[in-house]
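Undergrad: Give me the fold of what follows.
(2 chains)
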Protein chains: 2
Amino acid sequence: MSSLHFTAESSSNGMLERDFSVGDVPGVLWSPVSGTAHHLPLILMGHGGGNHKKHPAMAGRAQRLVTGCGFHVAVIDAPGHGDRPRTAHDEQEIAELFRARAAGEPEGPIVVRYNAYLADLAVPEWQATLDALQKLPEVGTTGPVGYFGLNMGTAIGVPLVAIEPRITAAVFGQHWPDALVEKAKRITIPIEFDLQWDDEHIPREAGLALFNAFASKEKTLHANAGRHKELPRFEVDSAVRFFARHFGRALTSPPA
Amino acid sequence: MSSLHFTAESSSNGMLERDFSVGDVPGVLWSPVSGTAHHLPLILMGHGGGNHKKHPAMAGRAQRLVTGCGFHVAVIDAPGHGDRPRTAHDEQEIAELFRARAAGEPEGPIVVRYNAYLADLAVPEWQATLDALQKLPEVGTTGPVGYFGLNMGTAIGVPLVAIEPRITAAVFGQHWPDALVEKAKRITIPIEFDLQWDDEHIPREAGLALFNAFASKEKTLHANAGRHKELPRFEVDSAVRFFARHFGRALTSPPA
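TA: Okay, here's the model as predicted:
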């Protein structure tokens, strides 16, 4: 089993940022700078397709979770993303996606297939990363663990959460049901799920079908008017409050 | 045009409570006790069927809006509700509802029909109440006005908001589309809409159809797992934040 190695460290805006690797998977752990407290809640975040672990969307969400709630946040680069090499298969699927996009053909079949392939690789990587993170004294094994990932972060997160009992609350959204429904049916933890009511890629009925599949007794759908990339910024605040509610920490600063 | 007469006044927990009447319609106005500031935002709240203006759900929501956001909140008794007399028609419809319920028949057709009848009476009452409230110096005509009502509060609120340009943000939910879709299509203000995913009275497709009908560029559906009466309490916090976001006031205390 691979252990975790820190490779860089910096801090700004009340947040400690430490790059790490577990085996050949690079990641980042964001923590409160003042946080010598042990066993803080840990949120695993999955980035979107074509993005990477330190994309501004990830850093922005981490800032709210770390300084707003006192949580740890960890992100790893998905296979073929960020600091990781692309294989010939990655290049082929990305070329196929760009070709379909340029031709005005539906992206869904390619995204669904490629993300399912990446999820098969990423799920064991996430489990090894969580094993290694929980060996850190400031994380430990007794604090709760959440998962927050939309788009490709959902394609990887749903299979992960379906088999990972350490994760006890999750925010998902914006993906197709095809490869995920059977796994979602095994998930019973509290879920918040985002979809765009006028998504030009994911048909409304498809998004609703994925939400419907979760077996969770507590699940909330947030559907907003707008196209795929128009998810309102206030949904990030809502996701942060969702984790704060479940992991028992009041926000230390009110939402704007 | 009827003016507003205050009939009782008390205060507790940082909230001033003043009973009033406009013509023969009784209402309550909740305000910040420290509030000598003029032109605070005003939220009109519609109560549910069989309830009344001071039902604990109304007082609880008012507490959050008044002490959390510094808003005024006004509720009036709907026709046949609270301190208002029931007509023979009210008695007949209520008896029919109880009969259907006892027989295990669908409540929808009766609720839809009866609430539409009440809305025809209540909409001009709300407009006269808003006219009278805006003549109070502490309310005035320059502060924004919102509407918050679920169940029967939506059956009355959708026709009201469809014709009342002074209302610029609204929270609705938990009703059938039958009598409301055409009016919802005329509404373009920001909307938050609650529905229960497993509602035993309102079919899922019917609730989604009503949400879909709003012409608002900004509209958000919050659909929660659970039956009709199991709407989670955190949706009240969400509604409060919705008004705080649109009416430009930060919450003075963080949500729990």
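
Undergrad: how many neighbours does residue A:107 have?
TA: Neighbour count for residue A:107, taken as other Cβ atoms under 10 Å in any protein chain shown: 17. All C-beta spots, glycine's among them, are computed from the backbone N, C-alpha and C.

Undergrad: Would you agree it is in contact with residue A:201?
TA: Yes - using Cβ atoms under 8 Å, residue A:107 makes contact with residue A:201 at a distance of 5.4 Å.

Undergrad: show me what contacts the residue in chain A sticking out farthest from the centre?
TA: In chain A, residue A:103 marks the outermost C-alpha relative to the chain mean, sitting 29.8 Å out by Cα atoms, centre = their mean. Going by Cβ atoms under 8 Å, 6 or more residues apart in numbering or on different chains, residue A:103 touches no other residue.

Undergrad: residue boundaries of the helices in the stretch 101-250 of chain A?
TA: A:108-133, A:152-163, A:181-184, A:204-213, A:234-246 (DSSP state H, counting those that start in this stretch).

Undergrad: could the ones you listed go into TSV alongside distance to chain B and mean pLDDT?
TA: Below are the helices of the stretch 101-250 of chain A laid out as TSV (distance: least, Cβ to the nearest Cβ, whole Å; pLDDT from 0 to 100):
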stretch	distance to chain B	mean pLDDT
helix A:108-133	21	98
helix A:152-163	16	98
helix A:181-184	13	98
helix A:204-213	8	98
helix A:234-246	7	97
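
Undergrad: Output those helices in CSV; the columns should cover distance to residue B:64.
TA: CSV is the format used below for the helices of the stretch 101-250 of chain A (distance: least, Cβ to Cβ, whole Å):
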stretch, distance to residue B:64
helix A:108-133, 37
helix A:152-163, 32
helix A:181-184, 33
helix A:204-213, 28
helix A:234-246, 15
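
Undergrad: got CSV for these, with mean neighbour count too?
TA: Formatted as CSV, the helices of the stretch 101-250 of chain A follow (neighbours: other Cβ atoms under 10 Å in any protein chain shown):
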stretch, mean neighbour count
helix A:108-133, 19
helix A:152-163, 26
helix A:181-184, 18
helix A:204-213, 19
helix A:234-246, 21
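
Undergrad: looking at those, which is closest to residue B:112?
TA: With Cβ to Cβ as the criterion, residue B:112 lies closest to helix A:204-213 of the helices of the stretch 101-250 of chain A, at 23.8 Å.

Undergrad: now the angle from the closest one to helix B:204-213?
TA: 130 degrees (axes from the mean of the first three to the mean of the last three Cα atoms, to 10 degrees).

Undergrad: C-alpha coordinates for helix A:204-213, CSV please?
TA: The C-alpha trace of helix A:204-213 is given here as CSV (Å, rounded to 0.1, in the frame of the first residue of the first chain):
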residue,chain,number,x,y,z
ARG,A,204,-33.8,16.7,-18.5
GLU,A,205,-35.3,13.3,-18.2
ALA,A,206,-31.9,11.7,-18.0
GLY,A,207,-30.7,14.0,-15.2
LEU,A,208,-33.9,13.4,-13.3
ALA,A,209,-33.5,9.6,-13.8
LEU,A,210,-30.1,9.7,-12.2
PHE,A,211,-31.3,11.7,-9.2
ASN,A,212,-34.3,9.3,-8.9
ALA,A,213,-32.0,6.3,-8.8
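
Undergrad: ok and it relative to helix A:152-163, angle-wise?
TA: Angle, helix A:204-213 to helix A:152-163, by the same axes, to 10 degrees: 30 degrees.

Undergrad: Which other helices and strands does helix A:204-213 contact?
TA: Packing partners of helix A:204-213 (3 or more Cβ pairs under 8 Å, 6 or more residues apart in numbering or on different chains; DSSP states H and E): helix A:181-184, strand A:191-196, strand A:219-224.

Undergrad: hmm, who's touching the last one?
TA: Contact with strand A:219-224 is made by A:173, A:190-197, A:207-208, A:211, A:230-232, A:235, A:238, A:242, B:197, B:211, B:218-225, B:232, as judged by Cβ under 8 Å, 6+ apart.

Undergrad: mind checking which of the helices of the stretch 101-250 of chain A is nearest residue A:27?
TA: That would be helix A:108-133 among the helices of the stretch 101-250 of chain A, by Cβ to Cβ, at 6.1 Å.

Undergrad: Show me what that closest one is packed against.
TA: Contacts defined by 3+ Cβ pairs under 8 Å, 6+ apart place helix A:108-133 against strand A:4-12, strand A:15-22, strand A:25-32, strand A:42-46, strand A:72-76, helix A:88-102, helix A:152-163.

Undergrad: if I look at the nearest residue to residue A:170 once chain neighbours are set aside, how far off is residue A:3?
TA: With Cβ to Cβ, 6 or more residues apart in numbering or on different chains as the criterion, residue A:170 has its nearest non-adjacent residue at 4.3 Å, and that residue is residue A:147. Note on residue A:147: its distance to residue A:3, by Cβ to Cβ, to the nearest Å, is 22 Å.

Undergrad: go on, residue A:89?
TA: Counting by Cβ to Cβ, the gap from residue A:89 to residue A:3 is 29 Å.

Undergrad: do residue A:206 as well
TA: From residue A:206 to residue A:3 the distance is 41 Å (Cβ to Cβ).

Undergrad: which residues touch the closest residue to residue A:11 other than its chain neighbours?
TA: Excluding its sequence neighbours, the residue lying closest to residue A:11 (Cβ to Cβ, 6+ apart) is residue A:33, at 5.2 Å. Contacts for residue A:33 (Cβ under 8 Å, 6+ apart) come out as A:11, A:14, A:15, A:16.

Undergrad: Residue A:31 too?
TA: A:15, A:16, A:18, A:40, A:66, A:72, A:73, A:138.

Undergrad: Compare those residues and tell me which is most surrounded.
TA: Going by other Cβ under 10 Å, residue A:73 tops these with 27 neighbours.

Undergrad: Now for that one: which residues touch it?
TA: With Cβ under 8 Å, 6+ apart, residue A:73 has these contacts: A:29, A:30, A:31, A:42, A:43, A:44, A:45, A:61, A:62, A:65, A:66.

Undergrad: repeat for residue A:171
TA: Per Cβ under 8 Å, 6+ apart, neighbours of residue A:171: A:146, A:147, A:148, A:149, A:150, A:191, A:192, A:193, A:194, A:239, A:242, A:243.

Undergrad: let's go with 7 Å and repeat that
TA: A:148, A:192, A:239, A:242 (Cβ atoms under 7 Å, 6 or more residues apart in numbering or on different chains).

Undergrad: From residue A:44, how far off is it?
TA: 11 Å.

Undergrad: Likewise for residue A:20?
TA: Taking Cβ to Cβ, one finds residue A:20 at 13 Å from residue A:44.

Undergrad: Likewise for residue A:162?
TA: 14 Å.

Undergrad: Also residue A:111?
TA: Distance from residue A:111 to residue A:44, by Cβ to Cβ: 21 Å.

Undergrad: how about low-confidence regions in chain A?
TA: A:1, A:35-38, A:249-256 (pLDDT under 70).

Undergrad: Looking at the contacts of residue A:31, spot the one nearest residue A:55.
TA: residue A:73 (13.1 Å).

Undergrad: between the contacts of residue A:171, which is closest to residue B:115?
TA: For those, the nearest to residue B:115 is residue A:192 (30.8 Å; Cβ to Cβ).

Undergrad: Bridged to the closest one, which residues?
TA: residue A:171, residue A:220 (DSSP bridges).

Undergrad: ok, it - contacts?
TA: By Cβ under 7 Å, 6+ apart, the contact set of residue A:192 is A:171, A:220, A:222, A:238, A:239, A:242.

Undergrad: Need these in CSV (columns: distance to residue B:7).
TA: Listed next are the contacts of residue A:192 as CSV, based on distance: Cβ to Cβ, whole Å:
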residue, distance to residue B:7
A:171, 48
A:220, 41
A:222, 42
A:238, 40
A:239, 45
A:242, 43
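
Undergrad: Of those residues, which pair is most distant in space?
TA: A:220 and A:239 (10.6 Å).

Undergrad: Looking at the helices and strands packed on helix A:108-133, spot the one closest to residue A:142.
TA: strand A:42-46 (10.8 Å).

Undergrad: Please consider this matter closed, and thank you.
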